[in-house]
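*Asks:* Predicted model and sequence follow; I will ask about them next.
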Amino acid sequence: MPNYKLHIQYDGTNYCGWQIQNNQPSVQQTLKDAIEILIREKISLNGSGRTDSGVHALGQVANFSCEQKLGLYRFRYSLNNTIPDDIAVTEIEEVDASFHSRYDAVSRTYLYFISNKKTPFFKRFTSFYYSPLDISYLNQLSKWLIGERDYTSFTKHEAETENKVCTIISAQWRTLNEFSIFRIEANRFLHGMVRTIVGTLLAFHTEKKTMDELTKIIEAKDRKTAGEAVSAKGLFLYKVKY
C-alpha cells in the first residue's frame with residue numbers, strides 16, 4: 001500500500017490546532033476530509049506532532065497510506081485547490097511503507113516571533129513587546145535550557161503524560177530588522193512548553209533575574225513556578241528532522 005508524506009504550511013488562527021477535536025475546526029480534520037474526497041477512500045492522517053490552538057506551521061509533516069497510486073503533481077494541485085487558503089501542501093512524496101511522521105521524527109524546531117514595533121500587518125503572526133530586548137542576556141539564559149531534563153514546570157497539563165523528560169538541542173535568540181526571533185530545537189515538546197519557556201525568559205528579562213533562579217524553576221517540576229505563557233500567534237512549527 002503506497003505511503004505518502006506531506007509537507008504542510010498553515011495559518012493556525014482559525015483552527016483549534018493540528019489534532020482532530022470534537023466540534024472544532026482542526027488542520028488535521030480539514031486535510032483528511034479533503035484527501036478522502038479526492039481519492040474516495042477513508043484514510044488515517046498522521047502528523048509529526050500537535051500544534052496548539054492558534055499556532056502556525058511552516059514545516060508540519062504528515063503521512064497517509066491508501067490503496068491507489070497517486071500522480072503526485074496532479075494530486076497536490078487538486079488538494080491545494082480543495083483545502084482553504086490558510087492551509088497549503090508544499091510538497092508530497094511517496095515514502096517507504098514503514099514511515100511514520102510522528103514516530104520517525106528525530107527533532108522538531110519551533111520559532112517564536114516578537115515585534116518591537118506595533119503594526120497591523122504582523123498582528124496575526126507576532127507578539128508585540130513594549131521595550132527593546134537584550135538578546136545577549138536572553139541567549140545566556142537560554143543556554144541553561146539545553147540538555148536532557150524534566151520540563152514539568154513548562155507544560156500546560158502536568159498530568160497529560162507521565163514522561164516529562166525532553167532533550168533540548170539548541171535554544172537561541174536573534175534579531176532581524178524589527179523582529180526578535182527565538183528558535184528552539186528538541187527531540188520532543190510538552191503541551192504549551194515553548195510558549196511557557198518564552199514567557200518565562202521574558203519575565204526574567206523584565207525582572208533581571210539570575211540563571212540560578214531559572215535552574216530552580218526547572219528543578220521544582222511545578223508549573224506555578226514558571227512564567228505566564230505568551231500568545232500562540234507568534235509561534236511556528238518550523239522544521240521536523242528525520
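*Replies:* Perfect, thanks for sending it.
*Asks:* so where is the protein shaky, pLDDT-wise?
*Replies:* 157-161 (pLDDT under 70).
*Asks:* Scan it for its longest strand.
*Replies:* As assigned by DSSP state E, the longest strand anywhere in the chain is strand 165-176.
*Asks:* Now do it: which elements does it pack against?
*Replies:* helix 135-143, strand 147-150, strand 179-186 (3 or more Cβ pairs under 8 Å, 6 or more residues apart in numbering; DSSP states H and E). Just so you know, the C-beta spots here come from the backbone N, C-alpha and C atoms, and that holds for glycine as well.
*Asks:* Of those, flag the one that's most buried.
*Replies:* strand 179-186 (a mean of 20; mean count of other Cβ atoms under 10 Å).
*Asks:* got the angle for it vs strand 165-176?
*Replies:* Using axes from the mean of the first three to the mean of the last three Cα atoms, to 10 degrees, the direction of strand 179-186 lies 160 degrees away from that of strand 165-176.
*Asks:* Next, the angle helix 135-143 makes with strand 179-186.
*Replies:* Going by the same axes, to 10 degrees, strand 179-186 makes 10 degrees with helix 135-143.
*Asks:* Pull the distance from the helix or strand just after strand 179-186 to the chain's centre.
*Replies:* Next along the chain after strand 179-186, taking DSSP states H and E as the criterion, comes helix 193-207. Mean C-alpha position of helix 193-207 versus that of the full chain (Cα atoms, centre = their mean, to the nearest Å) differs by 17 Å.
*Asks:* angle of the helix or strand following helix 193-207 against helix 135-143?
*Replies:* Where DSSP H and E defines the elements, the next helix or strand beyond helix 193-207 is helix 211-220. Orientation of helix 211-220 against helix 135-143 (the same axes, to 10 degrees) gives an angle of 30 degrees.
*Asks:* What residues of the helix or strand following helix 211-220 count as buried?
*Replies:* The first helix or strand that comes after helix 211-220 along the chain, using DSSP H and E, is strand 235-241. Residues of strand 235-241 classed as buried: 235-240 (neighbour count, 16 or more other Cβ atoms under 10 Å).
*Asks:* Which elements pack onto strand 235-241?
*Replies:* strand 56-65, strand 107-115.
*Asks:* what pairs with that strand, and is each one parallel or antiparallel?
*Replies:* Here strand 235-241 is paired, per DSSP bridges, with strand 56-65 (parallel), strand 107-115 (antiparallel).
*Asks:* Could I have the CA atoms of that strand written out in CSV?
*Replies:* Presented in CSV, the C-alpha positions along strand 235-241 are these (Å, rounded to 0.1, in the frame of the first residue of the first chain):
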residue,chain,number,x,y,z
LEU,A,235,4.6,30.5,17.4
PHE,A,236,5.5,28.5,14.3
LEU,A,237,6.4,24.8,13.9
TYR,A,238,9.4,25.5,11.6
LYS,A,239,11.1,22.2,10.8
VAL,A,240,10.9,18.4,11.5
LYS,A,241,14.0,16.4,11.1
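*Asks:* Check the offset of that strand from the chain's centre.
*Replies:* Relative to its chain's centre, strand 235-241 lies at 5 Å (Cα atoms, centre = their mean).
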